[in-house]
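A.B. asks: No letters, just coordinates:
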């Protein structure tokens, strides 16, 4: 399957968003199901209570709820693609727990369009609503969709899923790599919203699948804090240390370097190394890239993330593995004009 251009993906995104015109229906609650492939946001407790208060004021879900009708061997159901957290606020015991029907916006869409609305569009909705989401949650939802929409024993390919989401294949591949270290049960708990994203990130470093799943179950039941889980996965962990500063300045508290490296690697989609010299108060952050396209992607993300031009300085390092690659690189850079130079 060919890979669409960036403009083609953007055009499809715009078209799907423009055509999103749900028809409001009062749906019996026994017919309502959450789409298992819908991205599951984490809602802070204070925001959850605010949603419940808003539901009481409105007499309905506090925001958009979009679904599609599906037919299963058990019957016909309404599958929630977007707004499950708003639906749950409306049906909360402090709001309208006995409501026999719920106002929901229904749309007609195929599997690819359903994946777009339940994952890519929902991720944007979560970000705009201030809900907690992450590339790891995005990857878990996409992985589930690939299995559900494919034929038995033959899930959707990454390119097929990327086309459905209207994103570049490398972007989806980088996010799916985050799941490589998660055992099936851990991944399922994450997608169901029972395991917090930060807990899942910590469990990525646990090499034993059996122990990882056991810890995931314990964490999902609220039996340990994030710090406790981190210490179980990293027995040699040393807590942050206070670094001496010149007189008159407050002490600087440095975080765990390994944890910060994993956070940056997840955010930027590339191996990351952090080097800190506590004595001289110096340090470097290295972000790896292999092509100019990857470098451009990193620069775009850095330009979006860093808001000042005086914050850092550095240098670009281009490395090669043999003389042939060295000659090719020097020729491309314009350092010499002789392709046969050795």
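C.D. replies: Here it is on my side, so go on. Model, not experiment: these values are computed from the prediction.

A.B. asks: C-alpha from now on. contacts and neighbour counts both.
C.D. replies: Will do.

A.B. asks: pLDDT score for residue 91?
C.D. replies: In this model, residue 91 is scored at 93, pLDDT.

A.B. asks: So it sits against residue 99, correct?
C.D. replies: Yes - if you go by CA atoms under 8 Å, residue 91 and residue 99 touch, sitting 7.1 Å apart.

A.B. asks: Of these two, give the one with the bigger neighbour count.
C.D. replies: When residue 91 is set against residue 99 and neighbours are counted by other CA atoms under 10 Å, the residue ahead is residue 91, at 22 against 13.

A.B. asks: Please report how far the spatially closest residue to the more buried one that is not a sequence neighbour lies from residue 85.
C.D. replies: Counting by CA to CA, 6 or more residues apart in numbering, residue 91 lies nearest to residue 97, which is 4.6 Å off, once chain neighbours are set aside. In this view, residue 97 and residue 85 are 14 Å apart by CA to CA, to the nearest Å.

A.B. asks: So between those two, which is more surrounded?
C.D. replies: Legend: neighbour count by other CA under 10 Å for residue 97 and residue 85, higher for residue 85 (20 against 12).

A.B. asks: Just give me how far the helix or strand hosting that one sits from the chain centre.
C.D. replies: Element membership for residue 85 (DSSP states H and E) is helix 84-90. Here helix 84-90 is found 21 Å from its chain centre; the criterion is CA atoms, centre = their mean, to the nearest Å.

A.B. asks: who does it touch, helix- and strand-wise?
C.D. replies: helix 45-58 (3 or more CA pairs under 8 Å, 6 or more residues apart in numbering; DSSP states H and E).

A.B. asks: in the helix it packs on, what's buried?
C.D. replies: 48, 51, 52, 53, 54, 55, 56 (16 or more other CA atoms under 10 Å).

A.B. asks: where does the residue nearest to residue 91 land on pLDDT?
C.D. replies: 91.

A.B. asks: With the one 3 residues further on instead?
C.D. replies: Predicted confidence (pLDDT) at residue 100: the value is 93.

A.B. asks: repeat for the one 5 residues further on
C.D. replies: Residue 105 is assigned a pLDDT of 95 by the prediction.

A.B. asks: Surely it is in contact with residue 66?
C.D. replies: Yes - using CA under 8 Å, residue 105 is in contact with residue 66, at 4.8 Å.

A.B. asks: out of those two, which sits in the more crowded spot?
C.D. replies: residue 66 (25 against 20).

A.B. asks: so how far is residue 220 from residue 195?
C.D. replies: As judged by CA to CA, residue 195 and residue 220 stand 5 Å apart.

A.B. asks: Quick one: list the elements packing against the helix or strand harbouring residue 212.
C.D. replies: Taking DSSP H and E as the definition, residue 212 sits inside helix 209-220. Applying 3+ CA pairs under 8 Å, 6+ apart, one finds that helix 209-220 contacts helix 184-191, helix 197-203.

A.B. asks: Any chance of those helices in CSV with distance to residue 273, mean pLDDT and mean neighbour count as columns?
C.D. replies: Listed next are those as CSV, based on distance: least, CA to CA, whole Å; pLDDT from 0 to 100; neighbours: other CA atoms under 10 Å:
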stretch, distance to residue 273, mean pLDDT, mean neighbour count
helix 184-191, 26, 84, 21
helix 197-203, 17, 82, 20
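
A.B. asks: okay, these in a markdown table with distance to residue 12 next?
C.D. replies: Shown next, in a markdown table, are those (distance: least, CA to CA, whole Å):
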| stretch | distance to residue 12 |
| --- | --- |
| helix 184-191 | 26 |
| helix 197-203 | 29 |
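
A.B. asks: Checking my notes, residue 161 in a strand, right?
C.D. replies: No - secondary structure of residue 161 (DSSP: H, G, I helix; E, B strand; the rest coil): helix, not part of a strand.

A.B. asks: Please report how far it lies from residue 19.
C.D. replies: Residue 161 is 21 Å from residue 19, by CA to CA.

A.B. asks: that older thread, indicate which one of the helices and strands packed on helix 209-220 is closest to residue 314.
C.D. replies: Among these, the nearest to residue 314 by CA to CA is helix 197-203 (29.1 Å).

A.B. asks: returning to that earlier point: which one's more surrounded, residue 195 and residue 220?
C.D. replies: Taking neighbours as other CA under 10 Å, residue 195 and residue 220 compare with residue 195 leading, 22 against 18.

A.B. asks: And the pLDDT at that one?
C.D. replies: With respect to pLDDT, residue 195 scores 84.

A.B. asks: Would you confirm that it belongs to a strand?
C.D. replies: No - counting by three-state DSSP, residue 195 is not part of a strand but coil.

A.B. asks: shouldn't it be in contact with residue 201?
C.D. replies: No - look at residue 195 against residue 201 with CA under 8 Å: they stay out of range, at 10.3 Å.

A.B. asks: Please list all residues in contact with residue 326.
C.D. replies: residue 320 (CA atoms under 8 Å, 6 or more residues apart in numbering).

A.B. asks: That one and residue 333, how far apart?
C.D. replies: The gap separating residue 326 from residue 333 is 11 Å, by CA to CA.

A.B. asks: what's the span of stretch 81-100 from first residue to last?
C.D. replies: Distance across stretch 81-100, first residue to last, is 20 Å (CA to CA).
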